[in-house]
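>>> test case, fold it:
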Amino acid sequence: MIWIDGVAIDERALEECFVRASGPGGQNVNKVSSAVRLRYDLARAEGLSEGTRERLRRLAGRRLTRDDVLVLDAQRHRTQERNRTDALARLAAMIRLAGQAPRPRRATCPSAAARRQRMEAKRHRAETKRLRAQPPPD
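Numbers count the residues shown, from 1 in each chain. Model prediction:
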């Protein structure tokens, strides 16, 4: 179990595979699989509430597959272990962000001064356009 802000993530829902990374690394980049592809199965994620799961789907965007699997690629670092911790940290950050319910929007009305200012701006704009118009032919 991995704990992120009171949410327990079952390690069976996580799957890591190591692939060759692109970018810096010299000769090592062609022979060592240092990049990490972390797959998190949202369908099997038991510790998440349905609201958190839905917000996580929205946050994931293109990183979510049709099978409801979140895929994170980490290849910033040259070592496999640092990329692995980076991928887990990014997953934790996404879950933390999805765990925060958005504040409900309270409907407000514009103030009287704002309405008056808006109408004055519209009158001013209409007057400007009226002055640009060609006078009617006699």
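>>> burial measure for residue 117, as a count.
Neighbourhood size, residue 117 [other Cβ atoms under 10 Å]: 12. All C-beta spots, glycine's among them, are computed from the backbone N, C-alpha and C.
>>> run through the neighbouring helices and strands of the helix or strand where it lies.
Per DSSP states H and E, residue 117 falls inside helix 112-132. Using 3 or more Cβ pairs under 8 Å, 6 or more residues apart in numbering; DSSP states H and E as the contact test, no helix or strand touches helix 112-132.
>>> so what touches that helix?
residue 110 (Cβ atoms under 8 Å, 6 or more residues apart in numbering).
>>> check which residues of it are buried.
Residues of helix 112-132 classed as buried by neighbour count (16 or more other Cβ atoms under 10 Å): none.
>>> which residue is nearest the middle of this protein?
residue 59 (3.7 Å; Cα atoms, centre = their mean).
>>> quick revisit: CA atoms only: put the helix holding residue 117 into CSV for me.
Output in CSV follows, covering the C-alpha atoms of helix 112-132 (Å, rounded to 0.1, in the frame of the first residue of the first chain):
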residue,chain,number,x,y,z
ALA,A,112,-25.6,49.1,-9.8
ALA,A,113,-22.4,51.0,-10.6
ALA,A,114,-21.1,48.2,-12.9
ARG,A,115,-24.5,48.1,-14.7
ARG,A,116,-24.4,51.9,-15.1
GLN,A,117,-20.8,51.8,-16.4
ARG,A,118,-21.6,49.0,-18.9
MET,A,119,-24.6,51.0,-20.3
GLU,A,120,-22.5,54.2,-20.5
ALA,A,121,-19.8,52.3,-22.5
LYS,A,122,-22.4,50.9,-24.8
ARG,A,123,-23.8,54.4,-25.4
HIS,A,124,-20.4,55.8,-26.0
ARG,A,125,-19.6,53.0,-28.5
ALA,A,126,-22.9,53.5,-30.3
GLU,A,127,-22.2,57.2,-30.6
THR,A,128,-18.8,56.6,-32.1
LYS,A,129,-20.2,54.2,-34.7
ARG,A,130,-23.0,56.7,-35.5
LEU,A,131,-20.5,59.4,-36.2
ARG,A,132,-18.6,57.2,-38.6
